[in-house]
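A.B. asks: my questions are about this predicted structure, shown below with the sequence.
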Amino acid sequence: MRFVLAVSIIALLGCSGPTGSQLTPAQRQAISAEIEQTLKDAYDLSKPGLTQRMLSLYPASGRVISANSGRAITSRDTLDAGIRYFWDNVGVNMREPRWVWERFWVDVLSPSAAVVTATYSVPHRNPRNEPHVIGGAMTMVFEKQRGRWVIVQEHLSDLPLTSDTLQTSMPTHDHH
């Protein structure tokens, strides 16, 4: 009886719809490119409306989990307030900032789910006109909802503040 139940469960799981392994390499590449471009567009510091573009990465309703600096939040309103606070209080002091995506690792899990880990830096000049760089890594779980990719879970990790990161000069080119 247990054997029949186990075989039935495996058969049901196998028929549950398209999975990541059933995607062609071209489909995986297209999903990966779409998600990467979504992130690049949202974090483009040369365009107006940055906070709105960043917030557009998250679903308009439902649970969103964001972990950063040893804390986790589950409210879109709290996430919204945190993004706005950072750019209204820290970002405003950055002169000539550029968001540089250094590396993307995209694992497409299915036609509607993917996990992205990316590293980035934001070279800029501080209020004293000195070169400064912030950066880190982020891992995001994306889900395709209503025709667009949104982040449903994320973990952000800032570069540690060391004498190297405080004194780093601005890079002269982007790494992609």
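C.D. replies: In hand now; what should we look at? Numbering: from 1, shown residues only.
A.B. asks: burial of Pro111, as a residue count?
C.D. replies: Neighbourhood size, Pro111 [other CB atoms under 10 Å]: 16. C-beta: built from backbone N, CA, C; applies to glycine.
A.B. asks: can you list the buried residues in the helix or strand hosting Gln153?
C.D. replies: Using DSSP states H and E, Gln153 sits in strand 148-158. Across strand 148-158, burial judged by 16 or more other CB atoms under 10 Å covers 149-154.
A.B. asks: contacts for that strand, please.
C.D. replies: If you take CB atoms under 8 Å, 6 or more residues apart in numbering as the criterion, strand 148-158 is touched by 34-35, 38, 57-59, 62-69, 114, 134-144.
A.B. asks: of these, grab the buried ones for ChimeraX.
C.D. replies: Here is the ChimeraX selection string for the buried members of the contacts of strand 148-158, based on 16+ other CB under 10 Å:
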select :35,38,57,58,59,64,66,68,114,134,135,137,138,140,141,142,143,144
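A.B. asks: just the ones of the contacts of strand 148-158 in helices?
C.D. replies: Using DSSP state H to define helices, the subset of the contacts of strand 148-158 located there is 34-35, 38.
A.B. asks: of those, closest to Ser110?
C.D. replies: Comparing these against Ser110 with CB to CB places Ile35 closest, at 13.0 Å.
A.B. asks: residue contacts, the closest one?
C.D. replies: 106, 114, 116, 142, 149.
A.B. asks: out of the residues you listed, list just those in strands.
C.D. replies: 106, 114, 116, 142, 149 (DSSP state E).
A.B. asks: coming back round to it: could you export the buried residues of strand 148-158 as TSV, including pLDDT and distance to Gly49?
C.D. replies: Output for the buried residues of strand 148-158, formatted as TSV (pLDDT from 0 to 100; distance: CB to CB, whole Å):
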residue	pLDDT	distance to Gly49
Trp149	98	19
Val150	97	18
Ile151	98	18
Val152	97	23
Gln153	97	25
Glu154	97	21
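A.B. asks: which one among those residues gets closest to Tyr43?
C.D. replies: Ile151 (12.3 Å).
A.B. asks: okay, and the beta partners of that closest one?
C.D. replies: Per DSSP bridges, the residues bridged to Ile151 are Phe142.
A.B. asks: against Gly136, how distant is it?
C.D. replies: The gap separating Ile151 from Gly136 is 16 Å, by CB to CB, to the nearest Å.
A.B. asks: do the same with Glu96
C.D. replies: 20 Å.
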